[in-house]
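>>> turn this into a model:
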Amino acid sequence: MIDSHHHLWNYSVEEYDWIPTGSPLAQNQLLPELEAVTAEAGVTGTVVVQARQVIEESDALLELADASDVIKAVVGWVPLIDENVADDLERLSPASKFKGVRHVLQGEPDEYFLRDDFHRGLAKLPDYDLIYDLLIFQRQLPVATQLVDRQPDLPIVLNHLAKPEARDGRIEPAWREGMKELAKRENVIGVKFSALLTEFPEGEGNHETVAAYFQETLEIFGADKVMFGTDWPVCLLRTTYKEWTDSILRLTASLSASDREAIFKGNATRCYNIG
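Numbers count the residues shown, from 1 in each chain. Have a look, this model is predicted:
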């Protein structure tokens, strides 16, 4: 199994001010912790994704990836709006595990999605065989679709199901319609089933609703695009690495062997060009 989405960090209050003080996240989460949780869950490979918007994050993740056989791919950060971003891409792209770039668009206003300088940077990624990880909230689906349409040559992977406004017992209609529209775009090559539990209000997030979101995602995108991810260690706010992994194993138990292989390994291998 390949975990298509997790993070690593050397925790400090200054660099991770979004982490609640005293939470399970407010501690180092590095290779020893990663290797312990993946081994327990039976995960044999991972894709590590940026958590800081500084160029040093890409270097740090590549250094960790080089020291670990578990990490198969790195999604880093570069200053896409910088007119000299090609210099960073030129330096980072020769690293064999550097496979993609992400900017935390969920924290940006809608106008940012359509900035010309941002799109100038996005347009450079295919030249370096890099994909783009798209991180948004449900409410940003319409403008995100405009972004996708402006970059038809850029392979894009949607993170965390576009973070639906999740509530127990129902699927959000606006989420469903937005996802159906996004799924029509051929350059959206994958969608990560991850981080769903942390989008529910405290005390919600029952198995039936999670199962309903999984089924909807599968119907909208197909088994050839949906991929398993944990969002560890952020998932620790609601569950453990193994519990989430086991829950996805249960959700896929009735699928064909080929569909399970795609969701747990094949799609991440293809999207991130994992050798």
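
>>> can you list contacts of stretch 91-98?
With contact meaning CB atoms under 8 Å, 6 or more residues apart in numbering, stretch 91-98 is reached by 58-59, 62, 65-66, 71-74, 76, 78, 128-130, 275. Every C-beta, even on glycine, is put in place using the N, C-alpha and C of the backbone.

>>> residue 150 reaches residue 120, doesn't it?
No - look at residue 150 against residue 120 with CB atoms under 8 Å: they stay out of range, at 10.9 Å.

>>> list the beta-bridge partners for residue 2.
Bridge pairing for residue 2 (DSSP bridges) gives the partners residue 45.

>>> any idea which of the contacts of stretch 91-98 is closest to residue 232?
Nearest to residue 232, judged by CB to CB, of those is residue 71 at 12.6 Å.

>>> the closest residue in space to that closest one that isn't next to it in sequence in helix, strand or coil?
Closest residue to residue 71 apart from its sequence neighbours, by CB to CB, 6 or more residues apart in numbering: residue 65 at 4.1 Å. At residue 65 the chain is in helix, as set by DSSP: H, G, I helix; E, B strand; the rest coil.

>>> number of nearby residues for residue 65?
24 (other CB atoms under 10 Å).

>>> surely it touches residue 75?
No - applying CB under 8 Å, one finds residue 65 not in contact with residue 75, separated by 10.7 Å.

>>> now do the shared contacts for the two.
Contacts common to residue 65 and residue 75, judged by CB under 8 Å, 6+ apart, are residue 48.

>>> packing partners of the lengthiest helix in the chain?
What stands out as the longest helix in the chain, according to DSSP state H, is helix 207-221. For helix 207-221, the elements it packs on are helix 173-183, strand 188-193, helix 241-251, judged by 3 or more CB pairs under 8 Å, 6 or more residues apart in numbering; DSSP states H and E.

>>> what's the neighbour count on the residue nearest to residue 246 when sequence neighbours are not counted?
Excluding the flanking residues, the one nearest residue 246 by CB to CB, 6+ apart is residue 41, at 7.6 Å. Neighbourhood size, residue 41 [other CB under 10 Å]: 20.

>>> cool, the one 4 residues further on as well?
Taking other CB under 10 Å as the criterion, the count of residues near residue 45 is 19.

>>> list the contacts for it?
Contacts of residue 45 by CB under 8 Å, 6+ apart are 1, 2, 3, 70, 71, 72, 265, 268, 274.

>>> can you get me a residue count around the nearest residue to residue 159 once chain neighbours are set aside?
With sequence-adjacent residues excluded and distances taken as CB to CB, 6+ apart, residue 159 is closest to residue 135, at 4.4 Å. Using other CB under 10 Å, residue 135 is surrounded by 25 other residues.

>>> and what of residue 20?
Residue 20 has 9 nearby residues by other CB under 10 Å.

>>> list the contacts for it?
Per CB under 8 Å, 6+ apart, neighbours of residue 20: residue 26.
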